[in-house]
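In: After the sequence you'll find the predicted model.
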Amino acid sequence: MGEPRGDEFVDERRDKGANGPSEAGAGGTDVLDAARGAASGAAETFMSGLTAVRSVHEAARRHAGARGTLRAMLDALEEEERVLARREEVEGSYDEIVREQSQVAREAGEKVEAMRSRVDELEGEAASASKELELMRESHEREQRPYRRLTEGARGRLDDATRVVAEARRAVKTAEGQVRSATDRREQSIAAANRAVDSSQARLRRAQDELSRTREGGGSAFAQLQSEVAAELAHVESARAEVGVATREAQAAVDAAQTHLWTQNKSLESAQREAEEARREYEAHRQEYEAMVERDRAEERSLEERIAELRTRADEAKADHDEAAERHDQAQALLDEAEDVHATPEETERLRGSVEGKRLEVSRQEGVVEGLAQAERDLRARTRRERVVFGAVIVLALALLVLVVVLLATR
């Protein structure tokens, strides 16, 4: 390859070492000259290894580039072979393709038109049914409105009657409390009056006993005791009269409270009857209204189901339309391809020539790739020693660099 080999560098160094003493004169064993020669040899070895590495890299690059070119040529050849094979297949089956695909395109086109008409028909029916549903809902709303108002009014009256019943119950409880209070006051008043009678009778008995003991003596003391007995007797009669008055007054209060309670109970019974009537009226209106709503909703659901069915059938017709349109397009594409191939035989001939030319180019390129591959293998074999030495020099240099860094860091 015109590149110096490692053994040539060694021979040159040997020649220089052999001739050196004769050129240096009597002082040829000088240590400085020996050191310079060693350094020069090391530099030459390094450069030889670097050149070998570069040469191998360049050979590998040329080989890879040639292989990439070959791949591109093979891809282009494969594509043209595919196109040529397709054109030859179409040309060979031209009459059959035209006959079959014309029939497919015709039938598919007829189905496309039929499905388009069917879709328009079904969508029109669905739109009409939707409009009918809208009008039906408006009609139902108008019919339901009076019944809904009656139901709402009955519900309001029921709520009012329920509140009246609750108020009447509270009034009854209040009246019952008043009866209990009046009864308690009556008992307390009668008991107080009876206690007053008992107290007056006790004082009367004491006065009478006193009078009996002083009856024999006579005089002013006896007369005074007689006056006291008469006074106590009057007190007893007055207390007994108070018992009757207290009893009558307390009983009158109890009777009034009981009368008020009876009135409140009657009011509660009346409110409960009215509430029950309001409940029956509300239930009747509610049931009538709900029955109407359910009946109308059933009619609306029936129409909604019909609309959904029409739309489903329209979607199915659309799918059939799209499938037929796709078959028509595929058949038409095959017809167009067949007509184009049949009308341009010169293009087929051009492709045949191009394919043959590309095959020759590929064959030549394969030879180039093989030659470059062999050259790369030979170069790698020839320069193996130089590249190994170069690698060792690099490793040694790195080791020395690390050693220097470590020494500097540990100072």
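Out: Received it, and whenever you're ready, just let me know what you need.
In: A317: how many residues sit nearby?
Out: When neighbours are defined as other C-beta atoms under 10 Å, A317 has 20 of them. For every residue, glycine as well, the C-beta is placed using N, CA and C.
In: Cross-check the contact I'm expecting between it and D120.
Out: No: A317 lies out of contact with D120 (C-beta atoms under 8 Å); the separation is 9.3 Å.
In: show me what contacts V341?
Out: When contacts are counted by C-beta atoms under 8 Å, 6 or more residues apart in numbering, V341 is found next to R87, V90, E91, Y94, E347, T348.
In: In ChimeraX, how would I select the buried members of these?
Out: One line in ChimeraX is enough to select the buried members of the contacts of V341, burial here meaning 16 or more other C-beta atoms under 10 Å:
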select :87,90,348
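In: out of the contacts of V341, what pair is the most spread apart?
Out: Farthest apart among the contacts of V341 by C-beta to C-beta are Y94 and E347. That separation is 14.5 Å.
In: in this structure, which segments are predicted with low confidence?
Out: 1-49, 197, 203-204, 207-243, 245, 387, 411 (pLDDT under 70).
In: what about the longest helix in it?
Out: In the chain, taking DSSP state H as the definition, the longest helix is helix 219-343.
In: right, and the helix or strand after that one?
Out: Going down the chain from helix 219-343, the next helix or strand is helix 345-382, by DSSP states H and E.
In: Next, the buried residues of that following helix.
Out: Neighbour-count burial for helix 345-382 [16+ other C-beta under 10 Å]: T348, L351, S354, V355, K358, Q365, V369, L372, E376, L379, R382.
In: can you check stretch 109-118 too?
Out: Buried residues in stretch 109-118 (16+ other C-beta under 10 Å): G109, K111, V112, M115, R118.
In: try stretch 69-81
Out: Those would be L70, M73, L77, E80, for stretch 69-81 by 16+ other C-beta under 10 Å.
In: For L408, state which of those residues is nearest.
Out: Proximity of those to L408 (C-beta to C-beta) peaks at L70, which lies at 53.6 Å.
In: The closest one contacts S363, correct?
Out: No: assessed by C-beta under 8 Å, L70 is found out of contact with S363, at 10.3 Å.
In: any idea how far stretch 396-410 is from the chain center?
Out: 63 Å (C-alpha atoms, centre = their mean, to the nearest Å).
In: Kindly report the same for stretch 90-97.
Out: 56 Å.
In: all strands for the stretch 51-200 of the chain, in order.
Out: Using DSSP state E, counting those that start in this stretch, the stretch 51-200 of the chain contains no strands.
In: want to throw the buried residues of stretch 109-118 into JSON lines with distance to I190?
Out: Listed next are these as JSON lines, based on distance: C-beta to C-beta, whole Å:
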{"residue": "G109", "distance to I190": "117"}
{"residue": "K111", "distance to I190": "111"}
{"residue": "V112", "distance to I190": "112"}
{"residue": "M115", "distance to I190": "106"}
{"residue": "R118", "distance to I190": "103"}
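In: Take those residues and keep only those in helices.
Out: Taking DSSP H, the ones among the buried residues of stretch 109-118 that sit in helices are G109, K111, V112, M115, R118.
In: Leaving out sequence neighbours, find the closest residue to the first one.
Out: Same thing as G109. Closest residue to G109 apart from its sequence neighbours, by C-beta to C-beta, 6 or more residues apart in numbering: H328 at 5.3 Å.
In: next one: the second one
Out: For K111, ignoring the flanking residues on the chain, the nearest one in space by C-beta to C-beta, 6+ apart is A324 at 4.0 Å.
In: Pretty sure that neighbour sits against R116.
Out: No: counting by C-beta under 8 Å, A324 sits too far from R116 to count as a contact (9.5 Å).
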